[in-house]
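> What follows is a predicted structure for the sequence shown.
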Amino acid sequence: MNRRGWAVIASALLVLAVGGCTLAGVVGGDQADQRSVVDRGEGAESADRAPTETSATAGPLGASRLPAISEPGSVDGDGAVVRPDSIDRSGTTPVVIATTTPVTPVTPVMSVMPDTPVEPVTPVVVASSPAVGIGARPIPDDNISTAGAGAPAPYALVTGTTAGGHVGVELGCAAGTDAASLDRWLSTRLGPVLGWDYQHVYPLGGDRFLWLFQDTFIGHTGTVTDLGRAHFLHNTAMVQTGRCFTLLHHGTPELPVAFEVGTGTVGARSRWFWPMGGEVANGRLRVFWAEMVKDPYDPVAPDGLGWHPVAVHLASYDNRTLARTSFGLATDAAATPMYGYAVASDNTHSYLFGNSFEQNLVREGGYWGGRHSATDMWLARVPRGQLQASPEYRTADGWSSDRSAAVPISTRFHAENPMQPRFLAGSWVSAAKVNGYWGEELVVDAAPNPWGPWSAAEQVPLLARNADPLGNTYHAHLLPWLGADGSILVSVSTNARDMLRHAWPRPARYRPMVLARAFPYLVATAPPPDPTPTTTTTLADTTTTSTLPPDTTAPVDTTTTTPGSTTTTMTSPSTTAPTTTTTPTATTTILPSG
């Protein structure tokens, strides 16, 4: 080859080299930019780290988060505990820990999770595509008896045995029972609890409420900072008295066991129980429980989660001690749909809202296989407080004792329509996460009757805390009291889209949040009469002595001081809805400011 030919080749190689450097620079820049986004996502929810305070009203819901504070029972960075002195720790006399005197919040002492390398990840896909990594969540081993073995138990001074036979741990007190205070408090590590989800809240009367959670990760030693190294329970309980809280579970601190073990005959990896709706009547709390079974496979995204419900059980608990008094199959124990998915009462009836709670979409042809069964909401009713009675089912034109005659009261969305109705301030209201795991919006509904017609008062974007790009939201559940301004308080579960990769090392991503929304008042019109039943085999309304705590009772603290001693009492004024009404917008999506 002559010199001219070599020169041409050399020139071409030079161009390729320069172009390659330029391409490498572009790729490197893209990767660096992607890394910075991921770093911000990881840092936004690092375990127990104090976040930056931002406006609570700017941007989509969930985009802001208030700073957290340490409470009695919480752990600082060195494993030290803020210890109250309100519990009998002699170990000889059972103590009802849930009724201890509230403790004033202390100066913030934040613990910071050690920094860990952030691996490159694929950019998060926006909500227009369901293929965002919402796949099967891992189920840890039944229990990890060696978790934190040999480490000191920092919660020993706030742990005891309750009168109901539970392990009880004082978790301390929130600054208040408003949305911002509860959100700030729930965003932190609460004593031994690293994270939990699917919160359900039941009024117990007065200023007492029971919170039941689904999957919970616990580390009593205080040294565990990764969900994968914590004890795993399929359900736990938390008693709220005023603004103070106590964790309840069975077993021991060294080897904790779920609050509700159901039949107690199988391991947590194959069969377990998750809480649904419930209420108090005649000194007993009754709760419906979904019996869940693990499927022999784990679906891939976007086909959901590898388990499904098989039956409905009804449990009864002493209202004071929460000791279980009975557990068995519900009168209607069928799982398609499960009646008792949510429970709410008016003056005459308790209404059992139904849903299939089917989240393994492989069982229904996969995500793209069409509209799924959990998009239907159903309704049954029993005499008020008599959850064990045989129900009547809502039909197209009335009520019937024939289950097969029932029709849905609401059908919408594609994957899930997980409505959680309540009867608040004399009105039927509901909150739901549009499409559950697969959606990105919150919808607030109102209706003149529990069977509807249900109308959307607002539908707004719903993001994880700090707009975390790796986060996900689901299970919007109304709290049973109103804010001081008459607003509804909506609790929402949060997680990472890829739980194993992004929530296990960052437990703060797996903690509920609370937000306030305007009460969805209906236009002041007379409700239509209850349609006449279509069959003659109906339950007659029964007059009972059941007493249910009002759903709008908000816990409020008042303190009276006498010479030489201080006593704390709780008052529970009822919240009355304003007399003015506003017309809800049923067809327009309301975007948040910012």
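That came through, no problem.
> Tell me which stretches of this structure form helices.
Here the chain has its helices, by DSSP state H, at 3-44, 179-186, 499-502.
> Let me know the average pLDDT across the second one.
Okay, so that is helix 179-186. Averaged over helix 179-186, pLDDT sits at 98.
> Against Val257, how distant is the closest residue to Ala315 other than its chain neighbours?
Nearest non-adjacent residue to Ala315, counting by Cβ to Cβ, 6 or more residues apart in numbering: Phe327, 4.5 Å away. Every C-beta, even on glycine, is put in place using the N, C-alpha and C of the backbone. Here the criterion is Cβ to Cβ, to the nearest Å. By it, Phe327 lies 15 Å from Val257.
> where are the low-confidence patches of the stretch 201-350 of the chain?
265-267 (pLDDT under 70).
> just the strands in it please.
208-213, 216-218, 231-233, 236-241, 244-251, 256-257, 271-281, 284-294, 307-318, 324-329, 338-345, 349-355 (DSSP state E, counting those that start in this stretch).
> How about exporting the longest one as CSV, limited to the C-alpha atoms?
Provided in CSV are the C-alpha atoms of strand 307-318 (Å, rounded to 0.1, in the frame of the first residue of the first chain):
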residue,chain,number,x,y,z
TRP,A,307,-49.7,-15.3,47.1
HIS,A,308,-53.5,-15.2,47.2
PRO,A,309,-56.3,-15.4,49.8
VAL,A,310,-58.2,-18.6,50.4
ALA,A,311,-60.6,-17.9,53.3
VAL,A,312,-62.0,-15.3,55.7
HIS,A,313,-61.8,-15.7,59.5
LEU,A,314,-63.3,-13.7,62.3
ALA,A,315,-61.5,-13.1,65.6
SER,A,316,-62.7,-11.6,68.8
TYR,A,317,-60.6,-9.7,71.3
ASP,A,318,-61.1,-8.3,74.8
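> packing partners for that strand?
In this structure, strand 307-318 makes packing contacts with strand 284-294, strand 324-329, strand 338-345, judged by 3 or more Cβ pairs under 8 Å, 6 or more residues apart in numbering; DSSP states H and E.
> orientation of that strand relative to strand 349-355 in degrees?
Calculated by axes from the mean of the first three to the mean of the last three Cα atoms, to 10 degrees, strand 307-318 forms an angle of 160 degrees with strand 349-355.
> Direction included, what does strand 307-318 pair against?
Applying DSSP bridges, strand 307-318 is found paired with strand 284-294 (antiparallel), strand 324-329 (antiparallel).
> winner for burial among the ones you listed?
Of all the strands paired with strand 307-318, strand 284-294 has the most neighbours on average by mean count of other Cβ atoms under 10 Å, namely a mean of 21.
> Just the CA atoms of that strand, as PDB, please.
This file holds the C-alpha atoms of strand 284-294, laid out as PDB (Å, rounded to 0.1, in the frame of the first residue of the first chain):
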ATOM      1  CA  ARG A 284     -65.300  -7.000  72.100                       C
ATOM      2  CA  LEU A 285     -63.200  -6.000  69.100                       C
ATOM      3  CA  ARG A 286     -64.000  -8.200  66.200                       C
ATOM      4  CA  VAL A 287     -61.600  -8.300  63.200                       C
ATOM      5  CA  PHE A 288     -61.900 -10.100  59.900                       C
ATOM      6  CA  TRP A 289     -58.600 -11.800  58.800                       C
ATOM      7  CA  ALA A 290     -57.600 -12.900  55.300                       C
ATOM      8  CA  GLU A 291     -56.000 -16.400  55.300                       C
ATOM      9  CA  MET A 292     -53.200 -16.200  52.700                       C
ATOM     10  CA  VAL A 293     -51.300 -19.000  51.000                       C
ATOM     11  CA  LYS A 294     -48.000 -18.800  49.100                       C
END
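> where does this protein have low pLDDT?
Applying pLDDT under 70 to the chain flags residues 1-60, 62-136, 141-152, 265-267, 523-554, 556-594.
> Try it again at 90.
For the chain, residues meeting the criterion pLDDT under 90 lie at 1-154, 263-269, 370, 521-594.
> thinking again about what came up before, how about a markdown table for the strands paired with strand 307-318, with distance to Leu500 added?
Formatted as a markdown table, the strands paired with strand 307-318 follow (distance: least, Cβ to Cβ, whole Å):
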| stretch | distance to Leu500 |
| --- | --- |
| strand 284-294 | 16 |
| strand 324-329 | 32 |
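> which stretch among those comes nearest Asn495?
strand 284-294 (17.4 Å; Cβ to Cβ).
> Grab the nearest non-local neighbour of Pro253.
Spatial nearest neighbour of Pro253, chain neighbours left out: His220 (4.0 Å); criterion: Cβ to Cβ, 6+ apart.
> For Thr159, see how far away the one you found is.
In terms of Cβ to Cβ, His220 sits 7 Å off from Thr159.
> now swap in Arg517 and tell me
36 Å.
> Repeat that for Phe413.
Distance check for Phe413 against Thr159: by Cβ to Cβ, it reads 43 Å.
> what does Asp498 give?
Between Asp498 and Thr159 the distance is 34 Å, computed by Cβ to Cβ.
> Glu358 too?
Separation of Glu358 from Thr159 (Cβ to Cβ): 38 Å.
> same deal with Met292?
Counting by Cβ to Cβ, the gap from Met292 to Thr159 is 29 Å.
> if we can go back for a sec, adding distance to Ala446, write the strands of the stretch 201-350 of the chain out as TSV.
Below are the strands of the stretch 201-350 of the chain laid out as TSV (distance: least, Cβ to Cβ, whole Å):
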stretch	distance to Ala446
strand 208-213	23
strand 216-218	32
strand 231-233	36
strand 236-241	26
strand 244-251	30
strand 256-257	40
strand 271-281	19
strand 284-294	24
strand 307-318	27
strand 324-329	34
strand 338-345	13
strand 349-355	15
